[in-house]
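> The amino acid sequence is not available; the structure is as follows:
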């Protein structure tokens, strides 16, 4: 007797649709966008903090002396004795710096005012309006006048 010929049954496993493939380029793009936004936010925050510190140091020289002493102490890891010596060195020069600043400020103000005036003269009227607003923001950075000098624009 002959055996019935057996032909294998066709493979009938159901085909599952393949999961959509995410493009590598899309993933890289998302990573670049996240990185880029971090750079922009971090850079912006750094600029804001640096501007605030600079404004304080310019407008308040006495605070600047303390900041310098603390910064040197921290960066150089000074021991307590060195810290005290550096603070005293900075403190001992503070008055001389204040006097130099007071002597120089009238000349500096005169030159800054000349710059603002000369720029104003080359601008068209619509530019002058914007320039005056910019000028006011720039002048906020100027140190306050000494106690015995009246404030001028």
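Structure received. What you are looking at is a predicted structure, and each value in this text was computed from that prediction instead of being measured.

> which residues in this structure form strands?
Secondary structure of the chain by DSSP state E: no strands are present.

> So the residue nearest the centre of it versus residue 66, what's the distance?
Centroid-nearest residue in the chain: residue 47, 1.0 Å away (criterion: CA atoms, centre = their mean). Between residue 47 and residue 66 the distance, using CB to CB, to the nearest Å, works out to 24 Å. Glycine gets a C-beta too; all of them are placed from N, C-alpha and C.

> likewise residue 33?
Per CB to CB, residue 33 is found 42 Å from residue 66.

> of those two, who's got more company?
Counting neighbours by other CB atoms under 10 Å for residue 33 and for residue 66 shows that residue 66 has the greater number, 14 against 10.

> what's around residue 78, how many residues?
Residue 78: 16 surrounding residues under other CB under 10 Å.

> Kindly report the same for residue 55.
Close neighbours of residue 55, defined as other CB under 10 Å, add up to 13.

> Then residue 34?
10.

> start at 39 instead
Sure thing, new numbering starts at 39, so read that last one as residue 72.

> show me what contacts it?
With contacts defined as CB atoms under 8 Å, 6 or more residues apart in numbering, residue 72 has no neighbours.

> For residue 78, see how far away it is.
Separation of residue 72 from residue 78 (CB to CB): 11 Å.

> What is the neighbour count of residue 107?
Residues within reach of residue 107, counting by other CB under 10 Å, total 20.

> Kindly apply the preceding question to residue 151 instead.
14.

> Against residue 145, how distant is it?
From residue 151 to residue 145 the distance is 11 Å (CB to CB).

> same deal with residue 119?
40 Å.

> which stretches of the chain have low pLDDT?
39-52, 54-60, 180-191 (pLDDT under 70).

> those helices in it, which residues are they?
Taking DSSP state H, the helices of the chain run over residues 62-97, 99-114, 118-160, 163-177.

> what's the neighbour count on residue 129?
That count, for residue 129 with other CB under 10 Å as the rule, works out to 13.

> who's in contact with it?
Each residue near residue 129 by CB under 8 Å, 6+ apart is listed here: 103, 107.

> again, only using 6 Å
Under the criterion of CB atoms under 6 Å, 6 or more residues apart in numbering, residue 129 has no contact partners.

> so can I have CSV of the helices of the chain showing distance to residue 53?
Converted to CSV, the helices of the chain look like this (distance: least, CB to CB, whole Å):
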stretch, distance to residue 53
helix 62-97, 25
helix 99-114, 67
helix 118-160, 74
helix 163-177, 67
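
> Thanks again, I'm all set now.
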